[in-house]
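J.: My questions are about this predicted structure, shown below with the sequence.
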Amino acid sequence: MPDLESTTESIRGKGKNVLGQPLETCGCEPMTGFYRTGCCDTGPEDLGVHTICCVVNEEFLRVSKLLGNDLSTPMPQYGFQGLKPGDRWCVCAARWLEVEQAGAGCPVVLEATHEATLAIVPFETLIRYAVIPETLH
């Protein structure tokens, strides 16, 4: 049986971002991604398609909660501390689009957003919310 580290590396190594480049890390504090590797990689088990690396803000969190996807309330039973503005998180593509269509889209890190997103969210929409990772520090 392979160890967790080599499994994580093989998962991370397969992904490409929406720019056609190798998928970059989204965030490790808090640890994000469906596989909790810090990357917005996806696979057959990821029914929610957690592929958009976004930088959540107060408005996004508020509207997401109103639409039924509460990302700010801690759920310790799942090891989830709740998000706060400024956190980078791999969000379900359909949920991000739902919040964007409600007028509260948040910044997206294209380099860390998996190419599978493009089956759900048009590239032109992602571009409107694109941020350069260096500008986030």
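T.: Perfect, I can see it now.
J.: And for the residue lying closest to residue 60 once chain neighbours are set aside, the neighbour number?
T.: Spatial nearest neighbour of residue 60, excluding adjacent residues (C-beta to C-beta, 6 or more residues apart in numbering): residue 106 at 3.7 Å. Heads up, the C-betas are built off the backbone N, CA and C, glycines and all. For residue 106, the count of nearby residues is 23 (other C-beta atoms under 10 Å).
J.: Read off the pLDDT value for residue 26.
T.: Residue 26 is assigned a predicted lDDT (pLDDT) of 96.
J.: So it sits against residue 39, correct?
T.: Yes: in this structure, residue 26 is within contact of residue 39 by C-beta atoms under 8 Å, at 6.1 Å.
J.: Spit out the residues that contact those two alike.
T.: Listed as contacting both residue 26 and residue 39 by C-beta atoms under 8 Å, 6 or more residues apart in numbering are 33, 90, 112.
J.: Kindly indicate the member of the residues you listed with the most neighbours.
T.: Highest neighbour count within those: residue 90, with 30 neighbours (other C-beta under 10 Å).
J.: SS state for it?
T.: Secondary structure assignment for residue 90 (DSSP: H, G, I helix; E, B strand; the rest coil): strand.
J.: OK, contacts around the nearest residue in space to it that is not next to it in sequence?
T.: Computed as C-beta to C-beta, 6+ apart, the closest residue to residue 90 that is not its neighbour in sequence is residue 40, at 3.8 Å. By C-beta under 8 Å, 6+ apart, residue 40 lies in contact with 15, 23, 26, 32-34, 50-53, 90, 112-114.
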